[in-house]
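**Q** Structure here, sequence nowhere to be found:
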DNA sequence: ACCTGAACACCGTTCAAGT
DNA sequence: ACCTGAACACCGTTCAAGT
């Protein structure tokens, strides 16, 4: 975007730097994001970035908060179930767009403002629907665990590239039939079927959880 | 363990190297695990390790499989619900012992034999209990998503160290009361209560999921 | 067969210096 | 106030050489 040569280079700030890091990680993978390369992307030496972020860990904290900022905030107007279902789908969508985010969460230090705002809104919807404090804690813990774990598994899927990869898997599965019979059965007769899409598992799971939470809420 | 000086140093192999890497990551964190330091730990130059693992990514693949090898395999003899509950608790326990594992999963390339054996056993229990292929896929997807996501959140908990940290959080929560009222309420009136333990959320969630899966199984 | 030493192309981060 | 250049203490990995 910015021109590394000409003098019209835009002045940097924390947001510019963090956004550029997110775009770079989307395009090249988090493992190849370095302060030097990010500087290069912005037409600046690596060391200039330290005026805007404290260090690389601060940068990744910012990236995670940037991810949360992209998630649609739930509103209480639709009823808690619809609100929670929509926000679950939004979280999953955003995490699929930024596949590096889940991996970074393990090493995050402090949640940023967008993260806090997001969780506050979720709790607000649940409390407004009559969940007790403990019930809201239960509900948000189980929903978030499910969503994050699903995103983690989705990122890890062996076959993002289809075609030859599928064929190879099929052959491997056949070879391993005796050793891992149930895995082979699942792979050949279910996962490799053309109509199968792992993404569809997401809605099955979130609906199962929302139904169970609604039952728990009513009997509380 | 091994003596870097004397000639009685044990001969290395893939298992020794992978186990040493796991122990090192447990003790010092995954971010400080390097081929050079791991070599040092084993009384050998970094370059010697390349006789036993292809590269660092192969090493981390091995570490993940080592984690799966520690999980108790579910048996079909107890009924599927008990078997799945026990294995969920075992997975969570192992992931809490090796906090780096969840973060590595994002970048894993190929599942190892212990991983395949584990998933095959899970599917075997479900199929044996009458779940259809699709039902078993649903069930294992939702259970694993929940377990992995829970482990991810547990690793991220702000207050592993209690005491002063708790007090600081409390103060911060009060300051932010107007901005994040529901988060403040939850923190002060629930999370910071001495009897609260986030770990207890795990059993609530897994039981809610198992109950819902049992209902789905019976009506299928 | 297994291990080493030197080398290459990288990292994050510091510090004094420039404008 | 913001950016740079050189430097430090590291990385993963290759390759030819040693035993």
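**A** All right, it came through fine. Remember, predicted model here, so these are calculated numbers, not experimental data.
**Q** tell me the SS of residue A:109?
**A** Here residue A:109 is coil, with the state taken from DSSP: H, G, I helix; E, B strand; the rest coil.
**Q** for chain A, what spans make up the helices?
**A** A:14-28, A:35-41, A:56-69, A:80-97, A:101-105, A:113-128, A:133-155, A:164-175, A:181-186, A:200-218 (DSSP state H).
**Q** and chain A, which residues reach DNA strand D?
**A** With CB under 7 Å from any atom of the strand as the criterion, chain A meets DNA strand D at residues A:11, A:12, A:39, A:44, A:45, A:47, A:48, A:51, A:52. In short, each C-beta sits where N, CA and C put it, glycine included.
**Q** Around the closest residue to chain B within chain A, count how many other residues there are.
**A** Closest to chain B within chain A is residue A:149: 3.0 Å, counting by CB to the nearest CB. Neighbour count for residue A:149, taken as other CB atoms under 10 Å in any protein chain shown: 27.
**Q** Let me see the mean pLDDT of stretch A:92-108.
**A** Mean per-residue pLDDT for stretch A:92-108: 93.
**Q** cool, stretch A:65-83 as well?
**A** Averaging pLDDT along stretch A:65-83 gives 95.
**Q** near DNA strand C, which of the residues of chain A next to DNA strand D show up?
**A** The subset of these within reach of DNA strand C, by CB under 7 Å from any atom of the strand, is residue A:47.
**Q** What about the residues of chain A next to DNA strand D, which one has the most neighbours?
**A** Top of the residues of chain A next to DNA strand D by neighbour count (other CB under 10 Å): residue A:39, with 20 neighbours.
**Q** hang on, isn't that residue packed against residue A:50?
**A** No. Counting by CB atoms under 8 Å, residue A:39 stays clear of residue A:50, with 9.9 Å between them.
**Q** Quick check: residue A:185 vs DNA strand D, distance?
**A** Going from residue A:185 to DNA strand D by CB to the nearest atom of the strand, to the nearest Å gives 35 Å.
**Q** In this structure that residue contacts residue B:134, no?
**A** No. Look at residue A:185 against residue B:134 with CB under 8 Å: they stay out of range, at 11.7 Å.
**Q** Show me which of those two is the more surrounded one.
**A** Higher neighbour count among residue A:185 and residue B:134: residue A:185, with 18 against 15, using other CB under 10 Å.
**Q** give the contact list for the residue positioned nearest the centre of chain A.
**A** Central residue of chain A (CA atoms, centre = their mean): residue A:95, 2.2 Å from the mean position. Applying CB atoms under 8 Å, 6 or more residues apart in numbering or on different chains, we find residue A:95 in contact with A:67, A:101, A:102, A:147, A:148, A:151.
**Q** can you redo these as TSV with distance to residue B:86 and neighbour count?
**A** Formatted as TSV, the contacts of residue A:95 follow (distance: CB to CB, whole Å; neighbours: other CB atoms under 10 Å in any protein chain shown):
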residue	distance to residue B:86	neighbour count
A:67	35	24
A:101	32	26
A:102	27	28
A:147	25	24
A:148	23	26
A:151	26	27
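**Q** For those residues, work out which two are farthest apart.
**A** A:67 and A:147 (12.7 Å; CB to CB).
**Q** sorry, back to before: which one, of the helices of chain A, ends up nearest to residue B:18?
**A** Among those, helix A:101-105 comes nearest to residue B:18, with 20.6 Å by CB to CB.
**Q** and the gap between the closest residue to residue A:145 other than its chain neighbours and DNA strand D?
**A** Counting by CB to CB, 6 or more residues apart in numbering or on different chains, residue A:145 lies nearest to residue B:149, which is 3.6 Å off, once chain neighbours are set aside. Applying CB to the nearest atom of the strand, the value for residue B:149 to DNA strand D is 28 Å.
**Q** do you know how far residue B:149 is from DNA strand C?
**A** According to CB to the nearest atom of the strand, residue B:149 stands 28 Å off from DNA strand C.
**Q** Equivalent analysis for residue A:57, please.
**A** According to CB to the nearest atom of the strand, residue A:57 and DNA strand C sit 6 Å apart.
**Q** what sits against that residue?
**A** Each residue near residue A:57 by CB under 8 Å, 6+ apart is listed here: A:107, A:109.
**Q** give me that answer again for 7 Å
**A** Counting by CB atoms under 7 Å, 6 or more residues apart in numbering or on different chains, residue A:57 touches residue A:109.
**Q** For it, give me the pLDDT.
**A** 94.
**Q** same thing with the one 4 residues further on?
**A** In this model, residue A:61 is scored at 94, pLDDT.
**Q** these two touch, right, it and residue A:105?
**A** No. The pair residue A:61 and residue A:105 does not pass the contact test of CB atoms under 7 Å, sitting 10.4 Å apart.
**Q** what about residue A:122, how many neighbours?
**A** Neighbourhood size, residue A:122 [other CB under 10 Å]: 25.
**Q** Wait, it touches residue A:140, no?
**A** Yes. If you go by CB under 7 Å, residue A:122 and residue A:140 touch, sitting 5.5 Å apart.
**Q** For residue A:193, grab the count of nearby residues.
**A** Other residues within reach of residue A:193, judged by other CB under 10 Å, total 11.
**Q** same question, the one 10 residues further on
**A** Here the count is done by other CB under 10 Å, and residue A:203 has 13 residues near it.
**Q** Averaging pLDDT per element, find the lowest-scoring helix or strand in chain A.
**A** Lowest mean confidence among the helices and strands of chain A (mean pLDDT, DSSP states H and E): helix A:164-175, at a mean of 57.
**Q** so where is chain A shaky, pLDDT-wise?
**A** For chain A, residues meeting the criterion pLDDT under 70 lie at A:1-10, A:158-177.
**Q** repeat that for 50
**A** A:1-8, A:160-163 (pLDDT under 50).
**Q** What parts of it come near DNA strand C?
**A** Counting by CB under 7 Å from any atom of the strand, chain A comes close to DNA strand C at A:32, A:33, A:34, A:35, A:36, A:37, A:46, A:47, A:50, A:55, A:56, A:57.
**Q** Not counting sequence-adjacent ones, nearest residue to the third one?
**A** In this structure, residue A:34 finds its nearest non-sequential neighbour in residue A:46, 7.7 Å apart by CB to CB, 6+ apart.
**Q** what sits against the one you found?
**A** Shown in contact with residue A:46 (CB under 7 Å, 6+ apart): A:35, A:36, A:39.
**Q** Which one of those residues is nearest to residue B:200?
**A** Closest to residue B:200, out of all of the contacts of residue A:46 and judged by CB to CB, is residue A:35, at 41.0 Å.
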